[in-house]
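Colleague: only geometry, no sequence info:
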Ligand SMILES: N[C@H](CCC[C@H](N)C(=O)O)C(=O)O
């Protein structure tokens, strides 16, 4: 099957964008994996699919698949690239669009400086909605909030690890570290991602607080591994930092791939994320029908 695609990146988190506004491609998980493969396919952290909106007052639908081929609820960096794509392709003339995702409605706004600001909706803390199953462990008070121990059979390396848990429509576990450069992302990331207390797995964020308005963040993403940036991860990390009493309402997040600005006014309020969205190249690829 010949497929046209656009390669994009937001703070180094990279995407293959597919246009289904004129009809469905009906790809399988194996075909999504093929597109994301950095040796046999195009190569990307996630595959973003553009579809017509499900209602007259909603401009588009946005579908996200991780590199492992699994469909997920939300992608922050991808939402900015999505907005850039539909504007540059002339699929809309608006600078502010309403987009339906599995996690609900988001509203990206194209800024004059080329960055994109997205209302990512309000974070969710109810454990069952993360989802997070404590499996009998109790939270530990930390600062003005709480964190959850991760010690478990088969995960002895996580003996001293405890995380804040937040959903941005997709699940996040946020671990405070002294230095992201030396943080055990490669070793602890997979152990947290597939931890049995997260029934749908989880994105694992490693957060270093530099000041009340500046942090460094690395994320081992569910279904993809460590990425150069994670937009929903930046939102979740700042929300956790604010609830723990460590951060103010507007925070600059330094990731390995670039800088994101996250703003949150408190529980019940939406998280606003601002950052880059760049088209890298366009192409066409023959995706095998049977994989
Ligand atoms: N790996 C994430 C999806 C992509 C999120 C990330 N790329 C972002 O920018 O938010 C998950 O499984 O929930």
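Modeller: Yep, it's here. No experiment lies behind these values; they were computed from the predicted model shown.

Colleague: strands of the stretch 1-150 of the chain, start to end?
Modeller: Listed from the start of the chain, the stretch 1-150 of the chain has strands (DSSP state E, counting those that start in this stretch) covering 2-10, 13-19, 46-52, 60-66, 71-72, 99-101, 104-110, 116-119, 140-142, 145-149.

Colleague: most packed of the ones you listed?
Modeller: strand 13-19 (a mean of 24; mean count of other Cβ atoms under 10 Å). For glycine as for every other residue, the C-beta is placed from the backbone atoms N, C-alpha and C.

Colleague: run a quick neighbour tally on residue 150.
Modeller: By the criterion of other Cβ atoms under 10 Å, residue 150 has 23 neighbours.

Colleague: hang on, the earlier thing: would you reformat the strands of the stretch 1-150 of the chain as JSON lines and include mean pLDDT?
Modeller: Compiled in JSON lines, the strands of the stretch 1-150 of the chain are given as follows (pLDDT from 0 to 100):
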{"stretch": "strand 2-10", "mean pLDDT": "98"}
{"stretch": "strand 13-19", "mean pLDDT": "98"}
{"stretch": "strand 46-52", "mean pLDDT": "98"}
{"stretch": "strand 60-66", "mean pLDDT": "98"}
{"stretch": "strand 71-72", "mean pLDDT": "98"}
{"stretch": "strand 99-101", "mean pLDDT": "97"}
{"stretch": "strand 104-110", "mean pLDDT": "96"}
{"stretch": "strand 116-119", "mean pLDDT": "97"}
{"stretch": "strand 140-142", "mean pLDDT": "97"}
{"stretch": "strand 145-149", "mean pLDDT": "98"}
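
Colleague: can you put these in CSV and add distance to residue 213?
Modeller: Shown next, in CSV, are those (distance: least, Cβ to Cβ, whole Å):
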stretch, distance to residue 213
strand 2-10, 22
strand 13-19, 23
strand 46-52, 29
strand 60-66, 30
strand 71-72, 30
strand 99-101, 29
strand 104-110, 22
strand 116-119, 18
strand 140-142, 20
strand 145-149, 19
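
Colleague: export the ones you listed to TSV and append columns for distance to the ligand.
Modeller: Formatted as TSV, these follow (distance: least, Cβ to the nearest ligand atom, whole Å):
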stretch	distance to the ligand
strand 2-10	7
strand 13-19	5
strand 46-52	5
strand 60-66	5
strand 71-72	4
strand 99-101	11
strand 104-110	11
strand 116-119	10
strand 140-142	24
strand 145-149	18
